[in-house]
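In: Next one to model:
(chains A and B)
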There are 2 protein chains.
Amino acid sequence: MKRREFVRSLGVVPALLAGAATSGRAAAEKTGEASSQTAESACACRGTGDLGLVIERATGSVLIVEHTKGSILARIEGLGDLSHASAVFSRDERYAFVFGRDGGLTKIDLLTAEVKKRIIQSGNAIGGAISDDGKLIAVSNYKPGGVRVFDAETLKPVADIPATYRGGRSKVVGLVDAPGRRFLFALYDAGEIWMADFSGKAPEVVRIGPAGRYPYDGLIAQGGRIYIAGLFGEDGMALVDLWQEPLQVKRILKDYGKGEKKLPVYKMPHLEGWTEAAGHFFFPAVGRHEVLVMDGRSFKLVDKIPVHSQPVFVMARPDGRHVWVNFAHPDNDTVQIIDVVKRKVIHTFKPGRAVLHMEFTPRGERVWLSVRDANRIDIHDAHTFTKVGELPARAPSGIFFTVRAHKIGL
Amino acid sequence: MKRREFVRSLGVVPALLAGAATSGRAAAEKTGEASSQTAESACACRGTGDLGLVIERATGSVLIVEHTKGSILARIEGLGDLSHASAVFSRDERYAFVFGRDGGLTKIDLLTAEVKKRIIQSGNAIGGAISDDGKLIAVSNYKPGGVRVFDAETLKPVADIPATYRGGRSKVVGLVDAPGRRFLFALYDAGEIWMADFSGKAPEVVRIGPAGRYPYDGLIAQGGRIYIAGLFGEDGMALVDLWQEPLQVKRILKDYGKGEKKLPVYKMPHLEGWTEAAGHFFFPAVGRHEVLVMDGRSFKLVDKIPVHSQPVFVMARPDGRHVWVNFAHPDNDTVQIIDVVKRKVIHTFKPGRAVLHMEFTPRGERVWLSVRDANRIDIHDAHTFTKVGELPARAPSGIFFTVRAHKIGL
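Out: Residues are numbered from 1 along each chain as shown, chains lettered A, B, ... in the order given. The predicted structure follows:
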């Protein structure tokens, strides 16, 4: 039923190694206002393992930060619309690739604090990913619906994958990298999960199968084994086990999404808000004030933890001992901490208005919170929970540490 | 029975923040033959996320390598006896701390390719660890038996923990870091597991409990939750669940170690040879040609996989899809790859004589093998298994990539 189909998409450019090939729809290349000079003399002599990026959504700028002492190293301006921006990092942790809502793709050198390259690659982008070998950047687009792939070194276009289905071109969501130079993504309008495989001489695009109605986001989990897509048009989630041949889509969590009333899609919990701890998934319920717990072997729901309000992000400390939870407006001034063994809230505090994002240091000794309306980043000890520092920022949203360079799916 | 005891060890120096306090046995401080000048102008402008160290055991030297292109950046000489050397990294991935058998502790700047600091801290050292916040380096010693802790910035002594028991001072083994600025270790002669907690104003040393006869090594697993110690004097393993209060030692794998004949302790499989994949532990059998599989929830043995010879290292690809196995002399020319789902060997190859160590790149697209007697490092594609490169090295043994900076226990 869900057989693996080989689909050679219109306009896929296979010239991976042959330099800058272009598709029918050439990516518009534009350097932004930000400086892109390379100046070796301005290169910081420092490691990159303790660096990070903070998105300043209101001003189209980003901060380069370091989390050893906890300080701001630089601000870079001119990055356009960063309202739902995300970032990935090069494998050496030196470069950040920032994906902006306006289609902007910006490569930032964290050591020189400069924009190395910037292009505007589509009308309306959602997110992006970097391949496991660090050589390809993929970006998913609403309009035109599809995935564009770029050389990570130069940002030159490498492939263009239109998400074509019988109804036209579908919005693409849930784009992640997968082991073996592959990308997974979901087609919102078509209700399908696809895979793009760049491991061979020519890229292959594979339709894994139908996911359900309106997959609105996706994540990869368990180190790169499991792809999960959320469904807006029906209850339940779609799951692909990448270790199972042939690849197929299964349905899990059949009741996930059933609420007293239907949420609009932009209020559906995004799958970046899911986390793993102690072999389980902890994630936001839909339209309920609960954090749900799913067993990572059976994929069955095993618990529901009452929390303060509608959860947005559930983030596990790296060892998995606790998960930290933030909430949707109007309760976004609150953070709660859940004990993963007891499966209940053990601490509640209110950093300030609009706590948008939380990011743990690599070994989990500290966690950074963006407190947007206070124009502040708060730094907490992740063991005692006490606040140990703060940094000024302009309406900060996403916080991304370079450790993500080393993790599939981030 | 196994109550938590608070032991204030003789000679523990609590002056963590008060500068360079010394104990009764002052650490001998000696800079090695290698240069330790700091020269900002010689600092490489590069990320540190793709760097690594290769131990050249026969010549007391190390190579600084990068795994993006796969090349050697520098060689550093004069590091003494590196026959069982190990390394940990600073949280920014800039510095390596190399622990040598002769008690040498060397801090290497990977960007300037220089020795920043070197001390000889005991008669006979085994291994070391770095605290989760990156501020403390702990070293475990045979003679005199105990743990010494140093400031990671300066290598000045911070604490001295003699492993004192009724019989004198015990050899210390299995030293690892644990979340919350703690270290765990085992006392070989005393048969106990201890913890040193540096999270408060003064260090606390806690005797968790008896482990069994002659714990010879230890590891920390599941992101920092589980400590396992191997026992030389009896069958089975000792386990501590760090999330369980009060801390206690349990026995698991009661038949582990039962072989037709008893192996000498130096032939017992060291716990660095254990790995985790798909929620299970894969590890060498004792005196049998098998890789054993233990369920990571129940800690029960679930499978035995026949392999070529006595396994030494079992290393999982980061996504856990396969584990790679090397073997003890005289079969150390062979490597086998096990499919984690099928739980059987799917590939066997012979890189050359004395394949001592294997290290995966952070996202697992490649793996590096040290082939000591061929004076070579082989680089393989971890998906196709084919060899894709090689580098010359002098009798290489351990390979350590900087991604370890981001992981508890490494």
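In: Make sure A:K387 is actually in contact with A:I377.
Out: No: with contacts defined as C-beta atoms under 8 Å, A:K387 does not count as touching A:I377, sitting 11.0 Å away. For glycine as for every other residue, the C-beta is placed from the backbone atoms N, C-alpha and C.
In: With neighbour numbers in mind, choose between these two.
Out: Neighbour tally, A:K387 and A:I377, criterion other C-beta atoms under 10 Å in any protein chain shown: the higher count belongs to A:I377, 25 against 13.
In: With B:H84 as the reference, measure out to that one.
Out: Counting by C-beta to C-beta, to the nearest Å, the gap from A:I377 to B:H84 is 43 Å.
In: Point me to the residue of the stretch 151-300 of chain A nearest chain B.
Out: A:G224 (3.6 Å; C-beta to the nearest C-beta).
In: got the residue ranges for the strands in the stretch 151-300 of chain A?
Out: Counting by DSSP state E, counting those that start in this stretch, the stretch 151-300 of chain A has strands at residues A:157-162, A:164-165, A:168-169, A:172-178, A:182-187, A:192-197, A:204-210, A:215-221, A:226-231, A:237-241, A:249-252, A:275-277, A:280-284, A:290-295.
In: would you turn these into CSV with mean pLDDT?
Out: Supplementary listing: the strands of the stretch 151-300 of chain A in CSV, determined by pLDDT from 0 to 100:
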stretch, mean pLDDT
strand A:157-162, 96
strand A:164-165, 94
strand A:168-169, 92
strand A:172-178, 97
strand A:182-187, 98
strand A:192-197, 98
strand A:204-210, 97
strand A:215-221, 96
strand A:226-231, 97
strand A:237-241, 97
strand A:249-252, 98
strand A:275-277, 98
strand A:280-284, 97
strand A:290-295, 97
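In: Tabulate those (CSV), appending distance to chain B and mean neighbour count.
Out: Below are the strands of the stretch 151-300 of chain A laid out as CSV (distance: least, C-beta to the nearest C-beta, whole Å; neighbours: other C-beta atoms under 10 Å in any protein chain shown):
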stretch, distance to chain B, mean neighbour count
strand A:157-162, 17, 25
strand A:164-165, 29, 16
strand A:168-169, 30, 16
strand A:172-178, 8, 26
strand A:182-187, 10, 27
strand A:192-197, 11, 22
strand A:204-210, 14, 19
strand A:215-221, 10, 25
strand A:226-231, 10, 25
strand A:237-241, 10, 22
strand A:249-252, 16, 16
strand A:275-277, 9, 22
strand A:280-284, 11, 25
strand A:290-295, 10, 21
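In: Format those as CSV; extra columns: distance to B:R207.
Out: Conversion of the strands of the stretch 151-300 of chain A to CSV gives the following (distance: least, C-beta to C-beta, whole Å):
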stretch, distance to B:R207
strand A:157-162, 59
strand A:164-165, 65
strand A:168-169, 66
strand A:172-178, 46
strand A:182-187, 49
strand A:192-197, 53
strand A:204-210, 54
strand A:215-221, 39
strand A:226-231, 41
strand A:237-241, 44
strand A:249-252, 45
strand A:275-277, 29
strand A:280-284, 32
strand A:290-295, 35
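In: what about A:K201, how many residues close to it?
Out: Under the neighbour criterion other C-beta under 10 Å, A:K201 is assigned a count of 9.
In: Now the phi/psi pair for it, please.
Out: A:K201 has phi and psi values of phi -70, psi -40 when expressed as degrees, to the nearest 10.
In: For the helix or strand hosting A:I346, which strands pair with it and how are they oriented?
Out: Following DSSP states H and E, one finds A:I346 within strand A:344-349. Note on strand A:344-349: by DSSP bridges, its sheet partners are strand A:335-339 (antiparallel).
In: how distant is the partner strand from the center of its chain?
Out: Going by C-alpha atoms, centre = their mean, to the nearest Å, the spacing between the C-alpha centre of strand A:335-339 and its chain's C-alpha centre is 22 Å.
In: do the same with stretch A:98-110
Out: 13 Å.
In: what comes up buried for that stretch?
Out: Within stretch A:98-110, the residues that qualify as buried by neighbour count (16 or more other C-beta atoms under 10 Å in any protein chain shown) are A:98-110.
In: Now the terminal residues of that stretch, how far apart.
Out: The first residue of stretch A:98-110 is 12 Å away from its last residue (C-alpha to C-alpha, to the nearest Å).
In: ok, back up a step: from memory the residue of the stretch 151-300 of chain A closest to chain B sits against A:G409, does it?
Out: Yes: when contacts are counted by C-beta under 8 Å, A:G224 is listed as touching A:G409 (6.5 Å).
In: who has more neighbours, these two?
Out: It is A:G224, of A:G224 and A:G409, that has more neighbours when counted by other C-beta under 10 Å, with 26 against 23.
In: next one: phi and psi at that one?
Out: A:G224 has phi and psi values of phi 120, psi 20 when expressed as degrees, to the nearest 10.
In: residues contacting it?
Out: Residues in contact with A:G224 (C-beta atoms under 8 Å, 6 or more residues apart in numbering or on different chains) are A:178-179, A:242, A:408-409, B:318-320, B:364.
In: now swap in A:P396 and tell me
Out: A:54-57, A:63, A:356-357, A:370-372, A:375-377.
In: Just the buried residues of these.
Out: Under a neighbour-count criterion of 16+ other C-beta under 10 Å, the subset of the contacts of A:P396 counted as buried comprises A:54-57, A:63, A:356-357, A:370-372, A:375-377.
In: Any stretches of chain A with poor pLDDT?
Out: With pLDDT under 70 as the threshold, chain A has low-confidence stretches at A:1-41, A:123, A:259-261.
In: Would you check how far apart A:D373 and chain B are?
Out: In this structure, A:D373 lies at 30 Å from chain B, with C-beta to the nearest C-beta, to the nearest Å as the measure.
In: Surely that residue touches A:G352?
Out: Yes: using C-beta under 8 Å as the test, A:D373 is close enough to A:G352 to be in contact (6.6 Å).
In: The two: which has the busier surroundings?
Out: A:G352 (16 against 13).
In: Need the three-state assignment for the more buried one.
Out: When the structure is reduced to helix, strand and coil (DSSP: H, G, I helix; E, B strand; the rest coil), A:G352 reads as coil.
In: surely it meets A:N375?
Out: No: under the criterion of C-beta under 8 Å, A:G352 makes no contact with A:N375, lying 9.3 Å away.
In: Enumerate the residues of the stretch 251-400 of chain A near chain B.
Out: Within the stretch 251-400 of chain A, the positions near chain B by C-beta under 8 Å from any C-beta of the partner chain are A:278-279, A:296-297, A:317-321, A:340-341, A:361-366, A:383.
In: Which of those are buried, as a PyMOL select command?
Out: Only the buried members of those enter the following PyMOL selection, criterion being 16+ other C-beta under 10 Å:
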select buried, chain A and resi 278+296+317+318+319+320+321+340+341+361+362+363+364+365+366+383
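In: Please narrow the residues of the stretch 251-400 of chain A next to chain B to those residing in strands.
Out: The strands, defined by DSSP state E, take in A:R366 from these.
In: Among the residues of the stretch 251-400 of chain A next to chain B, which are located in helices?
Out: Secondary-structure check on those using DSSP state H: no residue lies within helices.
In: From A:G78, how far out is A:T59?
Out: Taking C-beta to C-beta as the criterion, A:T59 is separated from A:G78 by 10 Å.
In: ugh, wrong one, A:L155
Out: Between A:L155 and A:G78 the distance is 16 Å, computed by C-beta to C-beta.
In: between those two, which one's more packed in?
Out: More neighbours sit around A:L155 than around the other of A:L155 and A:G78, counting by other C-beta under 10 Å; the figures are 20 against 17.
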